[in-house]
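Engineer: Quick one, fold the following:
(one chain, ligands or ions: 2)
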Amino acid sequence: MTTSNRELQNWVASVAALTKPDRIHWCDGSEQEYQTLVAAMVQDGTLIKLNQDTHPGCYLHRSNPTDVARVEHLTFVCTSDKPSAGPNNNWMEPAAAHAKLDALYAGAMQGRTMYVVPYLMGPYGSPYARAGVEITDSAYVAVSMRIMTRMGAKALQHIEQNATFVKGLHSIGDLNPERRFIMHFPEELTIKSFGSGYGGNALLGKKCHALRIASWQAREEGWLAEHMLILGLEDPHGQTTYVAAAFPSACGKTNLAMLLPPTEFAGWKVWTVGDDIAWLHLAPDGRLWAVNPEAGFFGVAPGTSTKTNANCMATLGRDTIYTNVALSDAGEPWWEGIDGEQPAGLTDWQGRPYQPGNGAAAHPNSRFTVAAAQCPTYSPHANDPQGVPISAIIFGGRRATVAPLVYEAFDWEHGVFVGASCASETTAAATGEVGKVRRDPMAMTPFCGYNFGEYWAHWLSFSAKSEKLPRIFHVNWFRKDGNGRFMWPGYGDNMRVLKWIVDRCQGKGQAVTAPIGYLPAADALDLRGLTIDPATVRELLAVDAKHWQPEIEHVGQYFDQYVEAIPAALRDQVQRLAQALKS
Ligand code: SAT
Ligand code: MN
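Structural biologist: Ligands and ions are numbered 1, 2, ... in the order given. A predicted model of the protein is given here:
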């Protein structure tokens with residue numbers, strides 16, 4: 001395979017001249033190609049074949065132990081002027097960044113195969129779909145891209161017809177964390193990633209293209225590229241309400257996207273459109289429509305079980321690549337929180353006989369890579385070219401205190417403020433301290449490809465363009481009591497909160513007005529069948545000025561670092577809330 005696209009030809013030739021691979025392989029995305037690459041990786045030990053009787057088509061990959069998560073401190077946005085990247089990004093001058101990376105790429109693919117991986121983000125035939133080509137020296141990346149994106153010959157055809165594509169160059173290098181960089185050049189639609197084979201650093205269609213580069217393009221072109229799941233809630237009359245929800249990595253997006261309603265919600269169905277990324281466009285009807293640019297799930301394994309996410313467990317039954325989970329004697333994948341007892345004779349994620357003293361058997365950020373089409377609740381509209389119409393946007397994070405279970409913003413502008421003032425406790429999805437509260441606006445802190453101040457202004461600009469924008473909500477499933485226990489059961493029971501959100505979108509659901517927004521009125525949440533103390537429910541919905549005053553002060557200080565980029569409307573929101581909390 002090769003291409004008639006001159007720019008692509010020239011780029012591949014120049015990368016080959018720099019990196020000096022032994023072979024060049026153009027990926028066609030076929031099943032046969034996938035099987036050939038997998039067989040070669042089983043041969044060389046990159047993949048371990050799992051028990052094919054119980055887990056047909058499933059494999060385990062163990063990454064380098066220093067390469068198990070995104071590396072935010074090594075991730076850069078290289079715009080020609082520094083303020084465009086904003087205080088929310090690491091910045092490097094583009095020419096210096098290219099020089100630094102090109103020196104690392106020189107000869108880096110000697111003895112290796114260079115894979116040319118054309119891919120499409122978004123449904124085939126969608127006006128919103130965007131193409132990219134990733135050049136990589138990792139067969140694991142090539143096969144993962146086949147699961148996560150629409151990869152191969154059809155994507156190349158799209159490039160040949162539409163000409164523009166994002167250029168992503170990736171080499172695992174020698175996996176030395178000292179020589180690891182994830183660089184973005186949004187003005188050149190280019191990504192350069194070196195020294196990591198881990199998902200978010202190496203599968204360039206995902207965070208690098210579909211969020212960092214796409215968010216830049218979205219601002220220029222008037223749409224939104226967001227770190228959001230998309231789901232449809234079908235009521236017993238067959239009417240489906242679509243919502244998009246932004247939570248930081250490893251805060252339950254995959255679980256919410258595949259939610260199984262409690263038995264009290266007979267007749268309700270949840271449809272999964274996406275679990276991580278949404279591209280949102282204002283349509284001629286004034287509504288915001290969403291497509292999921294991805295075709296697969298790269299989800300967190302630990303904690304996934306029949307109890308927490310039965311649909312996900314069903315999705316994972318076959319044709320899944322696991323990364324950094326533990327391995328049982330029977331050749332089956334295992335992780336903390338999976339169903340059943342911990343089997344004897346486990347091998348941990350580093351390939352050692354499991355010993356409690358070595359930490360968890362599966363890495364806390366161990367992952368599965370699986371085609372979305374395998375999900376039993378995969379929406380029949382997930383491939384619709386125009387996407388699905390969004391009625392509600394939900395922001396959230398992991399907060400032991402402060403944020404109540406759910407509240408609704410007063411209007412779009414207030415909703416943008418709610419999103420911009422989000423915070424969450426950090427997780428194992430990125431290297432660094434876990435459990436530390438940090439501001440994470442719209443769950444985009446690691447993913448916005450430009451200055452957050454301009455990003456919020458872009459969000460705010462939508463209210464002038466339509467009167468049919470989604471309502472905006474904030475949720476927090478992670479409130480803890482004085483003993484450090486979660487107060488809300490979460491998982492399937494989150495349906496109770498989603499139901500109130502659907503009710504609000506339909507002009508029903510009762511609410512009371514609080515300084516921070518509209519909260520569910522007493523009895524407005526459907527808690528039938530749930531054993532929960534009424535005092536706990538009151539506590540979950542409480543807005544405590546004692547907690548909110550320092551919170552709003554912190555938000556104000558956080559906004560200060562954006563100096564003149566911060567929209568006046570957000571400053572006004574800080575003032576308004578501070579006032580309202582006093583009275
Ligand atoms: O590593 S990824 O960015 O792909 C997953 C995540 O952290 O959200
Ligand atoms: Mn994510």
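
Engineer: Please work out how many residues are found near Asp235.
Structural biologist: 15 (other CB atoms under 10 Å). The way it works is simple: take the backbone N, C-alpha and C, and place the C-beta from them, glycine included.

Engineer: For ligand 1, what's the nearest residue on the stretch 1-150 of the chain?
Structural biologist: Per CB to the nearest ligand atom, the residue of the stretch 1-150 of the chain with the smallest distance to ligand 1 is Arg70, at 4.8 Å.

Engineer: Please read the previous query as pertaining to the stretch 301-450 of the chain.
Structural biologist: For the stretch 301-450 of the chain, CB to the nearest ligand atom, closest residue to ligand 1: Ala429, 3.6 Å.

Engineer: So that residue is in contact with Val71, correct?
Structural biologist: No - with contact defined as CB atoms under 8 Å, Ala429 does not count as touching Val71 (11.1 Å).

Engineer: If I look at the closest residue to ligand 1 within the stretch 51-200 of the chain, what pLDDT would I see?
Structural biologist: Taking CB to the nearest ligand atom as the measure, the stretch 51-200 of the chain has Gly200 as its residue closest to ligand 1, at 2.4 Å. Gly200 carries a pLDDT value of 95.

Engineer: what does the stretch 301-450 of the chain put close to ligand 1?
Structural biologist: The stretch 301-450 of the chain comes close to ligand 1 at residues Ala429, as judged by CB under 6 Å from any ligand atom.

Engineer: And the strands in the stretch 301-450 of the chain?
Structural biologist: 320-323, 326-327, 333-334, 367-371, 388-396, 406-408, 423-425, 437-439 (DSSP state E, counting those that start in this stretch).

Engineer: Against which helices or strands is the second one packed?
Structural biologist: Strand 326-327 sits against strand 333-334, with contacts defined as 3 or more CB pairs under 8 Å, 6 or more residues apart in numbering; DSSP states H and E.

Engineer: strand partners of the strand it packs on, parallel vs antiparallel please.
Structural biologist: Paired with strand 333-334 in the same sheet, following DSSP bridges, are strand 326-327 (antiparallel).

Engineer: Would you work out how far apart the start and end of stretch 90-109 are?
Structural biologist: 27 Å (CA to CA, to the nearest Å).

Engineer: Isn't Ser424 up against Lys436?
Structural biologist: No - judged on CB under 8 Å, Ser424 makes no contact with Lys436 at a distance of 9.7 Å.

Engineer: the more surrounded of these two?
Structural biologist: Using other CB under 10 Å as the criterion, Ser424 and Lys436 rank with Ser424 on top: 24 against 9.

Engineer: Show the contacting residues for that one.
Structural biologist: Contacts for Ser424 (CB atoms under 8 Å, 6 or more residues apart in numbering) come out as 247-248, 251, 396-399, 437-438, 440, 443.

Engineer: Quick check: beta-bridge partners of it?
Structural biologist: Assigned bridge partners for Ser424, using DSSP bridges, are Arg438.

Engineer: so what's it scoring on pLDDT?
Structural biologist: Ser424 is given a pLDDT of 97.

Engineer: Same question for Met1.
Structural biologist: pLDDT, read off for Met1, is 61.

Engineer: now Glu31
Structural biologist: Looking at Glu31, the pLDDT reads 98.

Engineer: Quick check: phi and psi on it?
Structural biologist: Glu31 adopts backbone torsions of phi -60, psi -40, taken as degrees, to the nearest 10.

Engineer: Please report how far it lies from Val38.
Structural biologist: 10 Å (CB to CB, to the nearest Å).

Engineer: So these two - more neighbours on which side?
Structural biologist: Legend: neighbour count by other CB under 10 Å for Glu31 and Val38, higher for Val38 (19 against 8).

Engineer: quick one: that one and Val143 touch, right?
Structural biologist: Yes - using CB under 8 Å, Val38 is in contact with Val143, at 6.2 Å.

Engineer: For the residue of the stretch 51-200 of the chain closest to ligand 1, which three-state class applies?
Structural biologist: Under the three-state scheme (DSSP: H, G, I helix; E, B strand; the rest coil), Gly200 adopts helix.

Engineer: pretty sure it is touching Glu72, no?
Structural biologist: No - Gly200 lies out of contact with Glu72 (CB under 8 Å); the separation is 9.8 Å.

Engineer: These two - which one has more neighbours?
Structural biologist: Using other CB under 10 Å, the more surrounded residue of Gly200 and Glu72 is Gly200, with 26 against 18.

Engineer: ok, now which ones touch that one?
Structural biologist: Counting by CB under 8 Å, 6+ apart, Gly200 has contacts 69-70, 206-207, 249, 298, 429.

Engineer: out of those, who's near ligand 2?
Structural biologist: Applying CB under 5 Å from the ion to these, one finds that Ser249 fall near ligand 2.

Engineer: Now distance to Gly238 too, for the contacts of Gly200, in TSV please.
Structural biologist: TSV is the format used below for those (distance: CB to CB, whole Å):
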residue	distance to Gly238
Ala69	42
Arg70	40
Lys206	34
Lys207	36
Ser249	34
Phe298	32
Ala429	37
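
Engineer: Next, the contact list for the residue in the stretch 1-150 of the chain that ligand 2 sits nearest to, please.
Structural biologist: Closest to ligand 2 within the stretch 1-150 of the chain is Arg70: 9.0 Å, counting by CB to the ion. Applying CB under 8 Å, 6+ apart to Arg70 gives the contacts 182, 198-201, 207, 249, 429-431, 446.

Engineer: Name the nearest of the residues you listed relative to ligand 2.
Structural biologist: Ser249 (4.4 Å).

Engineer: Next one: Leu288 relative to ligand 1, how far apart?
Structural biologist: 22 Å (CB to the nearest ligand atom, to the nearest Å).

Engineer: er, Ile566 I mean
Structural biologist: Ile566 is 26 Å from ligand 1, by CB to the nearest ligand atom.

Engineer: In this structure that residue contacts Gly556, no?
Structural biologist: No - with contact defined as CB under 8 Å, Ile566 and Gly556 do not form a contacting pair (10.1 Å).

Engineer: show me where pLDDT drops low in the stretch 401-550 of the chain?
Structural biologist: Counting by pLDDT under 70, the stretch 401-550 of the chain shows no low-confidence range.

Engineer: And the helices in it, which stretches?
Structural biologist: Remark: helices assigned in the stretch 401-550 of the chain by DSSP state H, counting those that start in this stretch are 412-420, 452-461, 495-505, 534-540, 545-560.
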